[in-house]
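# here's my sequence, what's the structure:
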Amino acid sequence: MTVVATAGLAGPRRRRQRRQRRVLGLVVLVVLLLALCAASVMFGTRTIPLGEVWTALVRPNGTELDIIVRSLRVPRTLIGVLAGLALGAAGALMQGHTRNPLADPGLLGVTQGAAFGVVFAVVVLGANGLYGYIWFGFAGAMIASVAVFLLGAAGGRGATPVTLALAGAAVSALLYGLIAAVVLGNDQGMEIYRFWRVGSIAGRDFAVTGQVLPFLLLGLVLAVVNTPGMNTLALGEDVATALGQRVGRTRALGVVAITLLVGAAVAACGPIAFLGLVVPHLARAVTGPDYRWLVPFSALLGAALLLAADVLGRVLTGDSFEVGILLAILGAPVFIVLVRRKGLARI
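Next up is the predicted model:
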C-alpha cells in the first residue's frame with residue numbers, strides 16, 4: 001500500500017516540478033532578452049554607456065549620440081526582436097505540422113515566395129527601395145504558402161506532413177528558377193536581390209517595423225491558439241480525429257500563422273538561415289514535446305539568439321557581417337550535430 005501511494009504521489013510531483021522548470025526557463029529567457037536589448041543599443045562600432053543611452057531615450061537634445069541611439073540602434077533592436085520571435089515560433093510550428101525535425105522557414109515555399117515578390121517589384125514595377133518592395137515580398141510569401149497548402153491538400157485527403165513537404169519543395173524549386181531567370185538579365189534587380197538575400201536587420205527604421213508589426217502580432221496570437229491542436233495531432237491524425245480534433249482546420253490555422261510570421265519577417269529582413277531550424281530543438285530540451293510551452297520558448301529563444309548574433313557581429317567585425325551571414329556560420333555546426341543525433345526524427 002505504501003509503495004502504491006508513493007507511486008501515486010510521484011506523478012503530480014513530477015508534473016509540478018516540470019511546470020516550475022518551464023516557468024523558470026521563461027523568466028530566464030525574458031531577462032536574457034532584456035539584457036541583450038540593452039547590449040544591442042549600447043554596443044557597435046561606437047560603444048555608448050547605458051547612462052547615456054537612457055539620456056538619449058528620455059531627454060534627447062539632437063546630438064549625434066541621440067541620432068545613433070534613437071534612429072539607428074533602437075529600430076534595429078526592435079526589428080531584431082520581432083523577427084526572432086516570429087522565426088522561432090514559426091520554426092516550432094513548421095516542424096510540428098510537417099513532422100520534419102529539419103524543417104526551416106523555407107520548407108513551405110514562404111522564403112522563395114517573398115524573394116519572387118521582391119524581384120517582381122524591382123524588375124517589373126521599378127521599385128528601388130525597401131518601402132517599395134516590402135509589401136510585394138509579403139504578398140509573394142502569402143501566395144506561395146497558399147499554393148503549397150492547396151497542392152498539399154489536393155486529392156481529397158487533406159494536407160498531410162508528407163504532401164506539405166513535397167508541395168513546398170516543388171513550389172520553392174519553381175520560384176527559384178523563375179527568380180534566376182528574371183534577375184540574371186537585370187543588373188538593378190540582381191543588386192537589390194543580393195542585398196536583400198543576405199538577411200539583415202540593419203537599416204530598418206520604425207516605419208518598417210510599423211508595416212510588419214500587425215502581421216507579426218496576429219501570427220503570434222494564431223500560433224498560441226494553434227498549440228493545443230498540435231499536441232493532439234502529435235498523437236497521430238487518426239487518434240486526433242477520434243478525439244474530435246478537426247485536423248484540416250488545425251493544419252490550415254498553422255499554415256496561416258506560419259505564413260504571417262515568416263512572410264512578414266522575411267519580407268522585412270530577408271531570409272535569416274538556421275534560426276527557425278535550430279531554436280525549436282534547443283527549446284524542446286527544456287519544454288519537452290508540449291507545444292503550449294514549446295512555441296513561446298522557441299519565440300523568446302529565437303529573439304535572444306538573433307540579437308546575440310547581431311551584437312557579436314558588430315563587436316567582432318565592426319558591422320561588416322550581417323546577422324544572416326553570422327547565423328549561417330554559427331548554425332552550420334549545430335545543424336550537423338542535430339543531423340547526427342539519435343532519435344532526431346521523432347518530434
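# how deep is Leu26 tucked in, by neighbour count?
16 (other Cβ atoms under 10 Å). All C-beta spots, glycine's among them, are computed from the backbone N, C-alpha and C.
# hmm, it is touching Leu300, no?
Yes - Leu26 sits in contact with Leu300 when judged by Cβ atoms under 8 Å, with a separation of 7.0 Å.
# count the residues that sit near Trp196.
24.
# for it, what are its contacts?
Contact analysis of Trp196 by Cβ atoms under 8 Å, 6 or more residues apart in numbering lists Ala115, Val118, Tyr133, Gly137, Gly270.
# got a list of contacts for stretch 139-154?
By Cβ under 8 Å, 6+ apart, the list of residues contacting stretch 139-154 reads 108-118, 120, 159-160, 163-164, 166-168, 170-172, 175, 248, 251-252, 255, 258-259, 262-263, 266-267.
# one step back: neighbour-wise, which of the contacts of Trp196 leads?
Neighbour max across the contacts of Trp196 (other Cβ under 10 Å) = Val118, 30 neighbours.
# on that earlier part again, in strands only, show me the contacts of stretch 139-154.
Among the contacts of stretch 139-154, the subset assigned to strands under DSSP state E is empty.
# ok, back up a step: which one of the contacts of Trp196 is nearest Asn186?
Val118 (12.5 Å; Cβ to Cβ).
# mind checking how far that closest one is from Leu174?
Val118 sits 16 Å away from Leu174, taking Cβ to Cβ, to the nearest Å as the criterion.
# please apply the same query to Leu233.
28 Å.
# the more surrounded of those two?
Leu233 (23 against 15).
# which residue is the nearest non-sequential neighbour of that one?
Ala240 (5.1 Å; Cβ to Cβ, 6 or more residues apart in numbering).
# ramachandran angles for Gly270?
Note on Gly270: its backbone torsions stand at phi 80, psi 170 [degrees, to the nearest 10].
# typo on my end, Ile201
Per degrees, to the nearest 10, the backbone of Ile201 is at phi -110, psi 0.
# which residues are in contact with it?
Per Cβ under 8 Å, 6+ apart, neighbours of Ile201: Arg76, Ile79, Gly80, Ala83, Cys269, Leu306, Asp310, Val323.
# please repeat the previous calculation with a cut-off of 10 Å.
40, 75-84, 208, 265, 268-270, 272, 306-307, 309-310, 322-324 (Cβ atoms under 10 Å, 6 or more residues apart in numbering).
# out of those, which sit inside strands?
Reading strands off those, I find no matches (DSSP E).
# weed out the non-buried ones from those residues.
40, 75-84, 208, 265, 268-270, 272, 306-307, 309-310, 322-324 (16 or more other Cβ atoms under 10 Å).
# residues near the nearest residue to Val74 once chain neighbours are set aside, how many?
Setting aside the residues directly before and after it, Val74 is nearest to Val41 in space (Cβ to Cβ, 6+ apart), at 6.1 Å. Val41: 23 surrounding residues under other Cβ under 10 Å.
# so Val41 sits against Arg73, correct?
Yes - assessed by Cβ atoms under 10 Å, Val41 is found in contact with Arg73 at 4.7 Å.
# give me the common contacts of those two.
With Cβ under 10 Å, 6+ apart as the test, Val41 and Arg73 both reach Ile48, Val53, Ala56.
# ok, those vs Arg314, which is closest?
Nearest member of the shared contacts of Val41 and Arg73 to Arg314, counting by Cβ to Cβ, is Ile48, at 12.2 Å.
# in what helix or strand does the closest one lie?
Taking DSSP states H and E as the definition, one finds Ile48 inside no helix or strand.
# for it, give me phi and psi.
phi -120, psi 120.
# what's the closest non-adjacent residue to it?
Nearest to Ile48 is Met42, by Cβ to Cβ, 6+ apart, at 5.4 Å.
# for the one you found, the count of nearby residues, please.
If you count neighbours by other Cβ under 10 Å, Met42 ends up with 17.
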